[in-house]
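> return atomic coordinates for the entry below.
(chains A and B)
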Amino acid sequence: MEHSFAISENLYTAMHKCTRCGQCAYGNQNAGFSSLCPMQIKGKFFSFSAGGMMQLARSLYEGKAPFSESVRNILYLCTTCGACEINCGVIEGQVDLFTLVKKELVNKGVPLLEAHRMVVDNTVDKKAPYGGRLPERCEWLPREKRQKPASKPEVFYYVGCVSSYRETDIPNAFVNILSKLGIPFAIDDQEWCCGAPLYFAGHEKEAREFAIHNVEVIEKSGAHAAVFTCPTCALMFKKYYPEWIKREPQFGVLHSTEYLDRLSEQGRLKLNVSLDSEVVTYHDPCHLGRGQGIYDAPRKILQSIKGVRYKEANRNRENSFCCGGGGLLPTGFPTIADELALERALEMKNTGAHVFISACPACKENLKIAAKKVKGRTRVFDLTELVSEALGS
Amino acid sequence: MRELYRALSSVFPKDRISEDEAVLAGYSADSSIPPGFSAAPSAVVLPVTVEEVKHLLQIADRFRIPVTPLARGSNIAGMAVPVQGGIVADLRLMNKIIEINKDAAYALVEPGVTFHELSAELKKAGFFCHLPTAAGGSSPLANYLMRPSGNFSAGWDPDPLLSLEVVTPQAGIIKTGSASFETAGWRARYHCFPDVTGLFANSYGTLGIVTKGAVKIFDRGEEERLILTTFNSFPPAVEYMKNIVRRNLAQSVTFWTWGWNVFHEMMRAKSEKMPPEMLKPDQKTPPPGIPFGIASARVSGYREVVEAQQNVMIRLARELGGDFMEEDEAREKHPGCYEYLKAYFVEGIHPKPGEESQIRAGLHLPGCLLSAEPRNVIEIEKFMWNLAEKHFKPPYFYRALPYCHAREFFFAFVVYVTGSLIEEREYLQHLKGIYGKLYRDLLRNYGGVMFRYRKDPAFFGMTGTYGELVRNIKKLVDPNNIMNPGMLLF
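Numbers count the residues shown, from 1 in each chain, chains lettered A, B, ... in the order given. Below you'll find the predicted structure:
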């Protein structure tokens, strides 16, 4: 039989093994088996779930269904939150399979949604997904704070696009932490997008060029570790870059929460300043929690801040619910992304918290929109902002 | 097709009907459909009311179009795959738990309700439901209609279904059991006339669409206990299980050979690597430190009675050459096994995911599932070991349990295929060849009956006048054979 695309043996086996049990869309007993799959919640039909996607992938592979805009519209409802990968007991690599199909959509000439086309074009042209006249990449940092990069930096801070251009409080807070702790660091305006928007839009080939460039920039700095405040960027470096550049980078990759936890254990991070007594809850970013297995570090740091009264949301850790901010959903389907964020914000609000913390600029951005619709004064911060405040002046 | 879609669109709003090829392809296969044989429907609808289901079947009947009902879709036997095209009736939005009747101990549910949802609600009420080995995302109503084995099979008397609401192409909406009387409620399977609920059990959607059903639920009691006993061979384990169920010492008991024990440890460790002992040629002999088999029994009720029941069960096991395994010992030496059995039998929480689908790196073959009399199941076990030694590659293992009190035993022999689909293509073909003839051999030689229909019309043909009667009933309720014809039952 002729097949319409090439596939690895693992993914081939995976797409034939789905028992359609539906587990991919649910959390485990710790979350009362709540629904977790944003695509399934919004799409209603079984096809809008990892299980349905497995059958769709089979049909596409067997040439029984055409690569079409309909396929695209289902696929791009997936936020790549990875709930399916954690909860399925039969197969793994769901998100990789979806991304492979996205790649094939591109190969077969199926047009991207216009909004996604712009993201891809901008990323290729401007090395960031945003359009218009972009400021310089490091302009988030006030002039008075700019300094020559350390000659022997301990870490390279990879800022990422959302933080560089939109959620600039996050990099400012993180740089503030590094400065206060006297940690020599490097940032570089030659940093490019991590390539995630390209990869998740089926443009893996282009994303590989970004990987080569970014690894070169960081290795040139001489830092032994790169630290990321964006979990998606960190995930790209950890999971995909080694395969794309065909070697391990010569630096470690750490998300800021891992790094801060490590500093705390080394006794270098001391959070002495007490914050106003606040009930605080934490949103696990999908690409940090399910993507990298980092659940404890952010909680440890958060709970070590004086004045913080911590409450856990119903769906948490591996059962966390996506805020809707991932997988290009806010660009392609902003209304759906907002609805998902509101569902998450209401759940967080139910803990009694007025302060929502995350550790991802995209989550912060999406939750901020939702928090405005939630009754009562609710604020959204990145964990780095709280840590920066708790370090004092 | 245009006309059919127009007719369906008059019943279903835009967001609950689709003819989009991509959406349809999502319904085109499950793991039982071999590569290259996926089959998409022409349309899929998401009904939310029984009236919508009625209109759907009227339209489908008028157009002579097959309808494949699907509750939650969980299946490893292609029962809800539209292999002959037509319309898929995806019932997942009919997902209400209409009533939990603590007084009469039943729950009235729609087919889209999942085990996760029902179990969670029942737990709040101090009850639990029968849990099968199907995954927690599957439908209790659909699953019970296929009479599953599980954590309460012994105490079914005779199974968990009571009254049903069913829609058939010709008879319209009908209610069975006590619900067939307007005022009698949903409490009972039987009244003073013939039982019709049973007609729809194991009909696999070929007679109609079940839109509502009352299912038995069970009081958790003052004390719930998992009692584990070990045995070095199968015959004494069968004797033990038979006695404790017949004498009402336990609500259920299942015997798991050592492969399950290792397997449950893998589940706990989230390991995808098959331990070497699972692959050893001698699958009968357990590795050191692991008993040949563990019998896990559920006992609940008043504390003093449970204590006494446990003591008698320990005595019985020892008299038969078995032994009792203390909870602490189980927790320490076999933590994965202990946690699984405790969750499944005592907490009434469906271990997640279904245990039969845990090894991500391997393929699962549904195995040989059948029911037989207690003495015959001992012979079947011997036969299966011999067959496996000649024809199967390790690992393989089985579980057995008294099913429907202890008149018959459920026996499931499972083969795991540990390579990829491509590597194991030939072996899978080889297994398929063996399985094709196996059920007929087991029926002829041991009276073992295929537990669930495997799309083998010749097997149905062996039922004689019973089959004739069922075929005539089918002609009455679905004369145009639109209901799930892909099952190859009619």
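
> can you list contacts of stretch B:247-257?
With CB atoms under 8 Å, 6 or more residues apart in numbering or on different chains as the test, stretch B:247-257 has contacts from B:150-155, B:218, B:227, B:231, B:234, B:237-238, B:240-241, B:243-245, B:292-300, B:309, B:312-313, B:316, B:337, B:345, B:397-402. In short, each C-beta sits where N, CA and C put it, glycine included.

> show me what the helix or strand A:Val175 falls within is packed against.
According to DSSP states H and E, A:Val175 maps onto helix A:169-180. The helices and strands touching helix A:169-180, judged by 3 or more CB pairs under 8 Å, 6 or more residues apart in numbering or on different chains; DSSP states H and E, are strand A:155-158, helix A:161-165, strand A:379-382, helix A:383-391.

> 7 Å instead, please
Secondary-structure packing of helix A:169-180 (3 or more CB pairs under 7 Å, 6 or more residues apart in numbering or on different chains; DSSP states H and E): strand A:155-158, helix A:161-165, helix A:383-391.

> tell me the spacing between the closest residue to B:Gln283 other than its chain neighbours and chain A.
Of all residues not flanking B:Gln283 in the chain, B:Pro394 sits nearest, at 5.2 Å (CB to CB, 6 or more residues apart in numbering or on different chains). Distance, B:Pro394 to chain A, by CB to the nearest CB, to the nearest Å: 19 Å.

> now for B:Pro394, how many residues are close by?
19 (other CB atoms under 10 Å in any protein chain shown).

> and the pLDDT for it?
B:Pro394 carries a pLDDT value of 93.

> show me the contacts for it.
Contact partners of B:Pro394, counting by CB atoms under 7 Å, 6 or more residues apart in numbering or on different chains, are B:Met278, B:Leu279, B:Lys280, B:Pro281, B:Gln283.

> and it, what are its phi and psi?
In terms of degrees, to the nearest 10, the main-chain angles of B:Pro394 are phi -60, psi 160.

> next one: A:Leu346
The phi/psi pair for A:Leu346 (degrees, to the nearest 10) is phi -60, psi -40.

> how many residues are close by it?
Neighbour tally, A:Leu346, other CB under 10 Å: 13.

> ok, for it, nearest residue in space, not its chain neighbours?
A:Val374 (6.2 Å).

> which SSE is B:Gly221 in?
Judged by DSSP H and E, B:Gly221 forms part of no helix or strand.

> my guess is B:Val417 meets B:Glu423, correct?
No: with contact defined as CB atoms under 7 Å, B:Val417 does not count as touching B:Glu423 (9.1 Å).

> roughly how far apart are the residue most central in space within chain A and A:Lys364?
Centroid-nearest residue in chain A: A:Thr232, 3.4 Å away (criterion: CA atoms, centre = their mean). Here A:Thr232 is placed at a distance of 13 Å from A:Lys364 (CB to CB, to the nearest Å).

> so what's the closest residue to A:Lys145 other than its chain neighbours up against?
The shortest distance from A:Lys145 to any non-neighbouring residue, by CB to CB, 6+ apart, is to A:Val175 (6.9 Å). Counting by CB under 7 Å, 6+ apart, A:Val175 makes contact with A:Leu141, A:Lys145, A:Tyr157.

> of those, grab the buried ones for ChimeraX.
The buried residues among these can be selected in ChimeraX (16 or more other CB atoms under 10 Å in any protein chain shown) with this line:
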select /A:141,157
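
> ok, so of the contacts of A:Val175, who is nearest chain B?
Nearest to chain B out of those is A:Tyr157 (CB to the nearest CB; 33.4 Å).

> phi, psi of B:Trp260?
phi -60, psi -40.

> count of residues packed around it?
Around B:Trp260 there are 23 residues (other CB under 10 Å).

> could the helices and strands packed on helix A:169-180 go into a markdown table alongside distance to B:Thr211?
Below are the helices and strands packed on helix A:169-180 laid out as a markdown table (distance: least, CB to CB, whole Å):
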| stretch | distance to B:Thr211 |
| --- | --- |
| strand A:155-158 | 55 |
| helix A:161-165 | 48 |
| helix A:383-391 | 49 |
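
> in TSV: the ones you listed, plus distance to B:Gly321 and mean pLDDT.
As requested, these are arranged in TSV below (distance: least, CB to CB, whole Å; pLDDT from 0 to 100):
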stretch	distance to B:Gly321	mean pLDDT
strand A:155-158	65	97
helix A:161-165	67	97
helix A:383-391	60	96
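
> tell me which of those approaches chain B most closely.
Across the helices and strands packed on helix A:169-180, closest to chain B is helix A:383-391 (CB to the nearest CB), at 27.2 Å.

> which strands and helices lie in contact with that closest one?
helix A:169-180, helix A:256-265, helix A:296-304.

> how about those helices in TSV, adding distance to A:Ala57 and mean pLDDT?
As requested, the helices and strands packed on helix A:383-391 are exported to TSV (distance: least, CB to CB, whole Å; pLDDT from 0 to 100):
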stretch	distance to A:Ala57	mean pLDDT
helix A:169-180	36	96
helix A:256-265	34	98
helix A:296-304	34	97
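
> to A:Glu385, which of those lies closest?
Across the helices and strands packed on helix A:383-391, the minimum distance to A:Glu385, taken as CB to CB, is reached by helix A:169-180, at 4.3 Å.

> got the angle for the closest one vs helix A:256-265?
20 degrees (axes from the mean of the first three to the mean of the last three CA atoms, to 10 degrees).
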